[in-house]
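Asker: Starting from these lines, generate the structure:
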Amino acid sequence: MNKIRILVADDHVIVREGVRLLLQAQPDIEVVGEASNGAVAVAKARELSPDIVLMDIAMPEMNGLEATAAIKRELPQIHVLALTMHDDYEYFLELMHHGASGCVLKGASSAELLAAIHAVYEGGVYIHPSMAKNLVSDFVRRMEPGEDRTRYDGLSDRERQVLKLVAEGKTSRQVADELVLSVNTVQTHRAHIMEKLNLHNRADIVRYALRKGLITE
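Answerer: Numbers count the residues shown, from 1 in each chain. Next comes the predicted model:
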């Protein structure tokens, strides 16, 4: 029987030891390595090529989001299952944007962690039930007749241009140079966009642009 090969990345030794003990007791799982920060996790992923990286998010040197993105760029066949204290579904969307296949709360039961590992290994996505409920509620709200379309239609042509360029990762200076505007004007447009679309930060802008098909991952 092929075992699921797992790399455990967490900056707390006691957490790594606890997770290792739990997983090593499973007949179909093998812990092939450990990492104490994101940079080590990326290096170990290259060296060991595990099936799954259990990735803590708040780690020194390179955090889990950065490490996840690096691993998925270089080793897209490796699944990343995030370990986090946060149950905010917006946080889950941010993890997914960086390439994670799922998210398990650190306070979850051992049964939930094992279920998440098997789901991700089989090519699925795992999301904690509380996050899923909020995610579905938000999706339904956004899909209410005309709401999203009306908000987007409320943007000027220039605001739509700025929205797309910001979502593509361009700085205010780069947007200003491309559209032949001042930096202050770009920042004003960005503020109006965020107000009209009820967005709060650049991550929100990226997610909105992805959902609207304005950019691709």
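
Asker: dump the residue contacts of the spatially closest residue to Val13 that is not a sequence neighbour.
Answerer: Distances taken as CB to CB, 6 or more residues apart in numbering place Ser36 nearest to Val13, at 7.8 Å, with adjacent residues excluded. All C-beta spots, glycine's among them, are computed from the backbone N, C-alpha and C. If you count contacts by CB atoms under 8 Å, 6 or more residues apart in numbering, Ser36 has them with Ala9, Asp10, Asp11, Val13, Arg16, Met59.

Asker: mean confidence for stretch 210-217?
Answerer: Mean pLDDT, stretch 210-217: 76.

Asker: now swap in stretch 22-35 and tell me
Answerer: 95.

Asker: Pull up the distance across that stretch, start to finish.
Answerer: Using CA to CA, to the nearest Å, one end of stretch 22-35 lies 17 Å from the other.

Asker: who's in contact with that stretch?
Answerer: 1, 3-10, 16, 19-20, 41, 43-44, 47-48, 50, 110, 113-114, 117.

Asker: low-scoring stretches of the chain, by residue?
Answerer: Along the chain, the parts satisfying pLDDT under 70 run over 87-91, 130-150, 216-217.

Asker: per-domain residue ranges of it.
Answerer: 4-135, 144-212 (automatic domain parsing).

Asker: ok so, going back, dump the contacts of Ser36 to JSON lines, plus distance to Pro76, neighbour count and secondary structure.
Answerer: Listed next are the contacts of Ser36 as JSON lines, based on distance: CB to CB, whole Å; neighbours: other CB atoms under 10 Å; DSSP: H, G, I helix; E, B strand; the rest coil:
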{"residue": "Ala9", "distance to Pro76": "18", "neighbour count": "30", "secondary structure": "strand"}
{"residue": "Asp10", "distance to Pro76": "23", "neighbour count": "25", "secondary structure": "coil"}
{"residue": "Asp11", "distance to Pro76": "25", "neighbour count": "18", "secondary structure": "coil"}
{"residue": "Val13", "distance to Pro76": "30", "neighbour count": "10", "secondary structure": "helix"}
{"residue": "Arg16", "distance to Pro76": "25", "neighbour count": "19", "secondary structure": "helix"}
{"residue": "Met59", "distance to Pro76": "22", "neighbour count": "23", "secondary structure": "coil"}
